[in-house]
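Chemist: Take a look and give me a structure for this.
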Amino acid sequence: MSESATAPVLFSVDSGVARLTLNSPGRKNAISLDMAALIKQHCQTVHDDESIGALLVDAEGGYFCSGADTRDLAAASKDPATPEAVAIISAVYGAFRDIGRLPVPTIALVEGGAVGAGMNLALAADLMIVTPDAVLDSGFLARGIHPGGGHLALLQRTLGLTGSVAMGALGIPLSGTEAVARGLAWASADADKLLATGRDVTRLAAADPALARRIKQSAHLEHGLSVAQWDAAIEAERGVQMWSMSRKGSAAWSVRPTRPPLSRMYADSSPEPTD
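Modeler: Here you go, the predicted structure:
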């Protein structure tokens with residue numbers, strides 16, 4: 001890794017494959033403003049370094065990402081319409097939007113769980129590889145706020161309208177196994193094989209970065225969530241999310257959400273995620 005092991009986001013490049021690792025396990029890798037800034041910086045490196053043919057996004061500590069840092073969300077919820085609050089939320093949006101706009105194939109390696117903005121981060125990648133017991137949870141409904149960052153558009157990209165309503169408006173989580181079955185994730189692998197699986201998937205792209213970049217560009221031009229569509233989805237959700245945050249208020253972020261237990265359909269899932 002190129003930074004200190006204590007940095008909240010780690011970055012390295014090995015044989016044509018970049019690896020971006022969330023490194024705040026004490027907070028289940030919740031995206032802070034510092035982390036968002038580092039993700040932006042490292043994504044720019046991937047843009048500029050044409051020897052990179054693919055990017056892996058993973059996390060330390062056995063849990064991918066529990067969402068946006070609730071301390072930042074509490075600050076923004078005091079008055080969501082202020083420029084300061086908009087800047088906080090926009091920075092979090094930027095973390096996964098930067099991943100989604102990269103010119104190389106991107107793979108999210110999801111262990112443990114992904115919730116809210118953490119789910120957006122995983123969805124922003126071109127594909128997900130998950131542990132069978134991971135919990136993929138929209139999470140916004142349980143927290144009492146409207147989805148943001150183009151969440152519903154990102155869900156519809158793989159699950160269609162039905163899936164986006166099921167996860168977003170009904171708050172139904174999926175286990176890693178169920179996510180693969182429904183097409184939300186590409187494949188599953190045990191935790192100790194997750195990184196190796198990701199490296200195997202990126203092998204050909206790493207061997208010919210120039211071609212991999214051109215194919216990725218063509219794929220998104222021919223079929224994908226365009227920059228304009230994603231930006232439109234972000235703005236469509238922003239106003240309603242601001243309303244929901246204002247209704248919630250800053251103090252409510254100290255209260256953990258109450259989620260119903262996963263149904264027997266997801267009996268192989270891990271315990272309920274917390275922020």
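
Chemist: what about A179, distance to A18?
Modeler: As defined by C-beta to C-beta, to the nearest Å, A179 lies at a distance of 24 Å from A18. Placement of C-beta: from N, CA and C, glycine included.

Chemist: Need phi/psi at the closest residue to A166 other than its chain neighbours.
Modeler: Distances taken as C-beta to C-beta, 6 or more residues apart in numbering place I172 nearest to A166, at 4.8 Å, with adjacent residues excluded. When read as degrees, to the nearest 10, the backbone of I172 gives phi -80, psi 120.

Chemist: mind checking the longest helix of the chain?
Modeler: Ranked by residue count, the top helix of the chain under DSSP state H comes out as helix 227-248.

Chemist: Low-confidence ranges, the stretch 151-275 of the chain, go.
Modeler: Applying pLDDT under 70 to the stretch 151-275 of the chain flags the ranges 224, 248, 250-275.

Chemist: OK, contacts around the closest residue to L136 other than its chain neighbours?
Modeler: Nearest residue to L136, sequence neighbours excluded (C-beta to C-beta, 6+ apart): L174, at 4.7 Å. The contact partners of L174, by C-beta atoms under 8 Å, 6 or more residues apart in numbering, come to 135-137, 167, 182, 184, 266.

Chemist: Same check on L170?
Modeler: Contacts for L170 were tallied using C-beta under 8 Å, 6+ apart; they are L141.

Chemist: what separates it from T21, distance-wise?
Modeler: 32 Å.

Chemist: Next: A219.
Modeler: 25 Å.

Chemist: Settle it for me: which of these two has more neighbours?
Modeler: The residue with more neighbours, out of A219 and T21, is T21; 20 against 12, by other C-beta atoms under 10 Å.

Chemist: Tell me where the stretch 51-200 of the chain has strands.
Modeler: Ranges of strands in the stretch 51-200 of the chain, per DSSP state E, counting those that start in this stretch, are 54-59, 106-110, 113-115, 127-130, 135-137, 174-175, 187-188.

Chemist: from these, which stretch is densest packed?
Modeler: Ranked by mean neighbour count, the strands of the stretch 51-200 of the chain are led by strand 113-115 with a mean of 32 (mean count of other C-beta atoms under 10 Å).

Chemist: which strands and helices sit next to it?
Modeler: strand 135-137 (3 or more C-beta pairs under 8 Å, 6 or more residues apart in numbering; DSSP states H and E).

Chemist: And the strand it packs on, how far out from the chain middle?
Modeler: 11 Å (C-alpha atoms, centre = their mean, to the nearest Å).

Chemist: Stretch 235-245 now?
Modeler: Between the centre of stretch 235-245 and the centre of its chain there are 19 Å (C-alpha atoms, centre = their mean).
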